[in-house]
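only geometry, no sequence info:
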C-alpha cells in the first residue's frame, strides 16, 4: 500500500506491506522490517533490528485524518493520505463529528472550485476538481456540514496531500 504522509509538517512517501506479524515499510526510500505486536488498543511494540520501541497511536488511521503518534518519548502529528481512497467520500467515514480535510490525491492543477467558504454541503457533494495526468478528479465532501475553509483557487498547482478545503 502506497501512502502520502505528513509527519510533523514534513511530507514523506510511505509504502507498507504486511505479512503475518511482520510489517515491511519504505519511508522516503529507507527500508524497515518490523515485528509488530499490539497490546491494548492503540499501543504497539515495534521490533526493528533487535531494538524494541513502544508506540502509541491516538486517533483512527483513516485517510486524511490526523493522528498523534508517540514512539518512546517522541511525539509526532501524522496525517496519512491514501490517494486511491480520496476520490470518494466513503474514504473518510461520514459519521464523524471531526472536521473533514479534503486534500489533493496527487500533484495537479485546480480547474474548478465548486463551493465557497460558509456554504452548507451534503456528504458526497463536490468541493473542487483537480486535473492530474489529463484526468479530472472531483474531490468530494465526506460529510454534511459547512465549508469553513477553502485553500485553493482555480489555476493553482497543488501537490499530493495539499489541503484543498475543510468541512465541519
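That came in fine, so what should we check first? Note that the structure is predicted; figures quoted are calculated from it, not measured.

My guess is residue 164 contacts residue 103. True?
Yes - between residue 164 and residue 103 a contact is recorded at 6.1 Å, counting by Cβ atoms under 8 Å. All C-beta atoms are positioned from the backbone trio N, CA, C, and that covers glycine.

what is in contact with these two at once?
Both residue 164 and residue 103 are contacted by residue 139, under the criterion Cβ atoms under 8 Å, 6 or more residues apart in numbering.

Dig out what residue 45 forms beta bridges with.
In this entry, residue 45 is beta-bridged to residue 37, residue 54, by DSSP bridges.

ugh, typo on my part, it should be residue 167
With DSSP bridges as the rule, residue 167 is bridged to residue 100, residue 147.

which residues touch it?
99-100, 102, 121, 127, 141-143, 145-148 are the contacts of residue 167 under Cβ under 8 Å, 6+ apart.

Filter the residues you listed down to just the buried residues.
Burial by neighbour count, 16 or more other Cβ atoms under 10 Å: within those this picks out 100, 102, 121, 127, 141-143, 145, 147.

Could you work out the most separated pair of the residues you listed?
142 and 147 (12.4 Å; Cβ to Cβ).

Tell me who's in contact with the spatially closest residue to residue 166 that is not a sequence neighbour.
In space, and not counting its chain neighbours, residue 166 is closest to residue 149: 4.1 Å by Cβ to Cβ, 6 or more residues apart in numbering. Going by Cβ under 8 Å, 6+ apart, residue 149 touches 117, 163, 165-166.

so what's the residue with the largest distance to the centre of the chain up against?
Most distant from the centre of the chain: residue 50, at 30.1 Å, with distances by Cα atoms, centre = their mean. Applying Cβ under 8 Å, 6+ apart to residue 50 gives no contacts.

Just grab the bridge partners of residue 75 for me.
residue 70.

Test my guess that it contacts residue 69.
Yes - judged on Cβ under 8 Å, residue 75 makes contact with residue 69 at a distance of 7.3 Å.

State the next helix or strand along the chain beyond the least confident helix or strand in the chain by mean pLDDT.
In the chain, the helix or strand scored least confidently by mean pLDDT, DSSP states H and E is strand 2-7, which has a mean of 80. Sequence-wise, the next helix or strand downstream of strand 2-7 (DSSP states H and E) is strand 10-19.
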